[in-house]
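>>> Turn this into a model:
(one chain, ligands or ions: 1)
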Amino acid sequence: MPGNLLHSAQHFALGPKIIGMSWMLPDQASTYAPDVDNLYMFLVGLTVVLTVIISGAILYFFTKYRRREHSDPIPAHIEGSVILETAWSVIPFIICLFIFAWGAKIYLEQYSIPNDALDVYVVGKQWMWKFQHPEGQREINELHIPVGKKIRFVMGTEDVIHSFFIPAFRMKEDVVPGPNRYSTVWAEATMTGKFHIFCAEYCGTGHSLMDGWVTVMSDKDYEDWLAGGSGTGTMAEKGAALFTQYGCVTCHRSDAQGQCPKLEGIYGKSQDLEGGTSVVANDDYIRESILSPMAKIVKGFKPVMPSFQGQVSEEQLQQLIAYIKSIGPPEEVGAKSVAGKDTTKAHGTGMGGPPIMMTGQTPANSK
Ligand code: CUA
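Numbers count the residues shown, from 1 in each chain. Coordinates of the predicted model:
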């Protein structure tokens, strides 16, 4: 982490000056940024103190035990000192454990994803960052988020490993290829302004150009920004159209007569699998089921689904997941008033989208 911060400080020193930057580090623009900096400054301080002590001792012994004209060339033999040796083992051990505990605390804070966060979907691609908001807005190398709100970044890559890095948030997470996982990280911005986004993993010749800006806005400005969007539909609506376009709807029938599992209400729920295991139907699992359908077969169903690897883009995957999420709230939030019926409707989407009917739907954006 200290290396990362130094890296970010160097990056920032070269970039344009934004809000009053401190003498050494970028703005502390997220809730956990001060914690990261405190640990970093502690490590720097400790390094300085130890360097002074050790260099001082070297210089002192250097002169004290220098070779003199009449000194005895063979010094007295020293057997060792239990007290000294114990001390120089135990004290650094305690210091290291203290640093470990402090770092672990901050790590857990950063990587425990809050449940009440707003989602932003990120796709890394040689060489740009693409963003999608659940409300439907899409951006490239520009990201708008509200201040004082927890944001969950759900990140995939279209090609190689990238690393999503916002120095001012002290937030950095690798985005790795593979069918069965998204990289997820969260942050809550504490100040409005414009902050740099970088790719922090060498990803080819255009790596150094793979950057952008996150604009942190007040609630009102953010609402205005969302309202001024392109109006092409929410992610869930786009996902619903893809669900029809790719023919998913013919098997995953909402009336449960398809040869594939019904998807209504599965999001966030545990699924029993063939072989006696189970899995929670989260973003990772749905992604894997689309790209590698054979990896996990739902109990009672045949492995008949074809892979959509190479057919569905990363952004479309995220839209499909948003759609499946929209037809299945993780908790019954009282929205399901008509028990047992009306399961084709989106309820409790949290997406702000209208109910999505599955039957007889034509793709809204078929290509
Ligand atoms: Cu993407 Cu470096």
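
>>> Outline the domain layout of the chain.
Per automatic domain parsing, the structural domains of the chain span 1-66+113-231, 235-326.

>>> after the lowest-mean-pLDDT helix or strand in the chain, next one along is what?
Lowest by mean pLDDT, DSSP states H and E among the helices and strands of the chain is helix 2-14, with a mean of 45. Later in the chain than helix 2-14, the nearest helix or strand by DSSP states H and E is helix 33-64.

>>> Which parts of this protein are strands?
118-125, 128-132, 138-140, 142-146, 150-157, 162-166, 171-175, 183-188, 193-199, 211-217, 270-272, 278-280 (DSSP state E).

>>> How about the contacts made by Gln316?
Under the criterion of C-beta atoms under 8 Å, 6 or more residues apart in numbering, the neighbours of Gln316 are 238-239, 242. All C-beta spots, glycine's among them, are computed from the backbone N, C-alpha and C.

>>> Quick check: which of the domains of the chain is nearest to the ligand?
For the ligand, the closest of these is domain 1-66+113-231, at 3.2 Å, according to C-beta to the nearest ligand atom.

>>> Now do the residue lying closest to Asn141 once chain neighbours are set aside against His162, distance only.
The spatially closest residue to Asn141, leaving aside those adjacent along the chain, is Gly212, at 3.3 Å (C-beta to C-beta, 6 or more residues apart in numbering). According to C-beta to C-beta, to the nearest Å, Gly212 stands 12 Å off from His162.

>>> neighbour-wise, which of the two wins?
His162 (33 against 19; other C-beta atoms under 10 Å).

>>> Could you dump the domains of the chain into JSON lines with distance to Lys105 added?
Conversion of those to JSON lines gives the following (distance: least, C-beta to C-beta, whole Å):
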{"stretch": "domain 1-66+113-231", "distance to Lys105": "8"}
{"stretch": "domain 235-326", "distance to Lys105": "26"}
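
>>> Can you flag the weakest of these by average pLDDT?
Per-stretch mean pLDDT for these is lowest at domain 235-326 (a mean of 79).

>>> Measure how far it is from the centre of its chain, please.
Taking C-alpha atoms, centre = their mean, to the nearest Å, one finds the center of domain 235-326 at 22 Å from the center of the full chain.

>>> That one vs the ligand: in contact?
No: in terms of C-beta under 6 Å from any ligand atom, no part of domain 235-326 sits within range of the ligand; the closest distance is 13.7 Å.

>>> you'd agree the residue nearest to Asn141 is up against Gly124?
No: contact criterion C-beta atoms under 8 Å: Gly212 and Gly124 do not qualify, at 11.0 Å.

>>> among the strands of the chain, which is the most enclosed?
strand 162-166 (a mean of 25; mean count of other C-beta atoms under 10 Å).

>>> ok now that strand, how far from the chain's centre?
9 Å.

>>> With stretch 154-162 instead?
On C-alpha atoms, centre = their mean, the centre of stretch 154-162 falls 11 Å from that of its chain.

>>> Touching it from outside, list them.
119-126, 164, 173-177, 182-185, 199, 201, 203-204, 210, 283, 287, 313-314, 317-318.

>>> Which residues are in contact with Pro179?
287-288, 291-292, 295, 309.

>>> Mind giving me the PyMOL select for those, buried ones only?
Filtering these down to the buried ones (16 or more other C-beta atoms under 10 Å) takes a single PyMOL command:
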select buried, resi 287+288+291+292
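
>>> As CSV, the contacts of Pro179 with distance to Tyr323 would be great.
Shown next, in CSV, are the contacts of Pro179 (distance: C-beta to C-beta, whole Å):
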residue, distance to Tyr323
Arg287, 13
Glu288, 17
Leu291, 16
Ser292, 19
Ala295, 21
Gln309, 19
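
>>> Helices - which of the contacts of Pro179 land there?
Judged by DSSP state H, helices contain the following of the contacts of Pro179: 287-288, 291.

>>> Residue numbers of this protein in contact with the ligand?
124, 127, 162, 199, 201-203, 207, 210.

>>> May I ask which two of the residues you listed are separated the most?
Of all pairs drawn from the residues of the chain next to the ligand, the one with the longest distance (C-beta to C-beta) is Gly124 and Tyr202, at 12.7 Å.

>>> could you measure Glu139 against Phe131, distance?
With C-beta to C-beta as the criterion, Glu139 and Phe131 are 4 Å apart.

>>> Any idea how many residues pack against Leu43?
Leu43 has 16 nearby residues by other C-beta under 10 Å.
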